[in-house]
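S.K.: Here is a sequence with its predicted model. Questions after.
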Amino acid sequence: GMGPYQYRVLSVIGIMSFADSAEVLLANIILDNLVCEFKLNALQRGLIPAVVYFFYGIGSITSGKFADKFGRLPVLLANSYILVISAVCSALAWNYYSFIICRSITGFCIGGNYGVAVVYSAEMVPPGARWRNIALFATLWYLGYIYETVSAMVVMQLEHG
């Protein structure tokens, strides 16, 4: 059945889903600032979101295999810890190349988190509750996108009057 452990884990996975989706969108929102900061050409500009999504796919494939071998929770936790570190390093990147490396790691970890989290959240609850948990997980992912977009609009309005 559904007990305190399941609710606690699902809450954490839901918050992670929300944050992961916002993190995916972040570099796209600040792309113009990055172009100015690092004096990027068109190819470099295009590579910023591309590496995130490319490594998202790689992370999805490889993390599923690791989760099958080592367990869903350890892989989910490892991806999450590395994600936090890579996100902080992205914010502190000193040049374009360090930023691309950090965003690649971020994309890998988010891709790994998404698939493993969906499967883990489905496996740990009774069959009748699975569809609700997966729907909630997906809803929180899109709410993270909405949150990030609205936050960016508010910040831009405050900055530019």
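M.R.: That came through, no problem.
S.K.: gap between the helix or strand that contains residue 20 and the chain center?
M.R.: Secondary structure assignment for residue 20, by DSSP states H and E: helix 4-29. Its chain's C-alpha centre and that of helix 4-29 lie 7 Å apart, by C-alpha atoms, centre = their mean, to the nearest Å.
S.K.: Mind checking the pLDDT average for it?
M.R.: If you average the pLDDT over helix 4-29, you get 82.
S.K.: quick one: low-confidence parts of this protein?
M.R.: 161 (pLDDT under 70).
S.K.: Show me the helices in it, by range?
M.R.: 4-29, 31-38, 42-70, 72-91, 96-123, 130-160 (DSSP state H).
S.K.: Most tightly packed of these?
M.R.: helix 96-123 (a mean of 21; mean count of other C-beta atoms under 10 Å). No exception for glycine: its C-beta is placed from N, CA and C like everyone else's.
S.K.: and that helix, what does it pack onto?
M.R.: Counting contacts by 3 or more C-beta pairs under 8 Å, 6 or more residues apart in numbering; DSSP states H and E, helix 96-123 packs against helix 4-29, helix 31-38, helix 42-70, helix 72-91, helix 130-160.
S.K.: would you turn the ones you listed into TSV with distance to residue 112?
M.R.: Putting these into TSV (distance: least, C-beta to C-beta, whole Å) gives the following:
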stretch	distance to residue 112
helix 4-29	10
helix 31-38	24
helix 42-70	3
helix 72-91	4
helix 130-160	15
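S.K.: Residue 117 contacts residue 140, correct?
M.R.: No - applying C-beta atoms under 8 Å as the test, residue 117 and residue 140 come out as separate, 10.3 Å apart.
S.K.: between the two, what contacts are shared?
M.R.: residue 17 (C-beta atoms under 8 Å, 6 or more residues apart in numbering).
S.K.: Which residue is the nearest non-sequential neighbour of the residue nearest in space to the middle of the chain?
M.R.: Taking C-alpha atoms, centre = their mean, the centroid of the chain lies closest to residue 20, which sits 2.5 Å from it. Once flanking residues are discounted, residue 20 sits nearest to residue 110: 4.7 Å by C-beta to C-beta, 6 or more residues apart in numbering.
S.K.: now residue 102
M.R.: Residue 102 sits nearest to residue 90 (C-beta to C-beta, 6+ apart), 4.0 Å away.
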